[in-house]
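>>> Next input, structure requested:
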Amino acid sequence: MGVGLLSEHGYHGCGLKKILDTVQVPKGSFYNYFESKEAYVSEIIQFYSQGLIARLDAYLETTADDPVSTIRNIYTAAAGELEAHGRQGCLIGNLAAELGSSSNLCRLTMQQSFEGWKNRIVPLIRAGQESGQIRDDLSAEILTDVFWNTWQGGLLRMKIDGDAAHLRDLPHLVLDVLFVPCR
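Reported below is the predicted structural model:
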């Protein structure tokens, strides 16, 4: 429920009363589990991130595709899911834009989430470099950061435009244009 509330209303639009009413928990009980709303949101970020990482790991364990196809499939599926769910965007990206540096706890939790994702994508980029599919004049870490930043920017643009077309095109642009080895 917390993921849905925060996705729909954001941190500032999701007051403690709304949270308590939704989960039907008295205020005193809430504080038995969480020090603050900020601590609650940090837990939601962890929960959300763990779900994404588990799905990513499950896919990575079963795919036999080459690295570029694997990355393309991951992000094509993600774009489709985001479009199907009303273009709300990524909870972590949304909260990062909303909270910025105002919550150190949430910022650190989002940073851990990003690192979990990055630890799975860097080896794919590196394997793509080793196989000659991805340029190797920049490190796999830099290219992974470029991909993340481009994806998050695409999510913001999707929210602004109300259209996911450019988000669907993003894997092609990044993998087949920007990351292609220089010849």
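>>> Residue 30: which element?
In the assignment (DSSP states H and E), residue 30 maps to helix 27-33.
>>> any idea how far the next helix or strand after that helix is from the chain center?
Using DSSP H and E, the helix or strand that follows helix 27-33 in sequence is helix 37-62. Here helix 37-62 is found 9 Å from its chain centre; the criterion is C-alpha atoms, centre = their mean, to the nearest Å.
>>> Same check on stretch 48-63?
12 Å.
>>> so what does the helix holding residue 30 touch, helix or strand wise?
Applying 3 or more C-beta pairs under 8 Å, 6 or more residues apart in numbering; DSSP states H and E, one finds that helix 27-33 contacts helix 16-23. All C-beta atoms are positioned from the backbone trio N, CA, C, and that covers glycine.
>>> tilt between the helix it packs on and helix 37-62?
Relative orientation of helix 16-23 versus helix 37-62 (axes from the mean of the first three to the mean of the last three C-alpha atoms, to 10 degrees): 50 degrees.
>>> How far does helix 16-23 sit from its chain's centre?
25 Å.
>>> any idea of the mean pLDDT in it?
In this model, helix 16-23 has a mean pLDDT of 83.
>>> Same check on stretch 143-162?
Computed over stretch 143-162, the mean pLDDT rounds to 89.
>>> Understood, closing this out.
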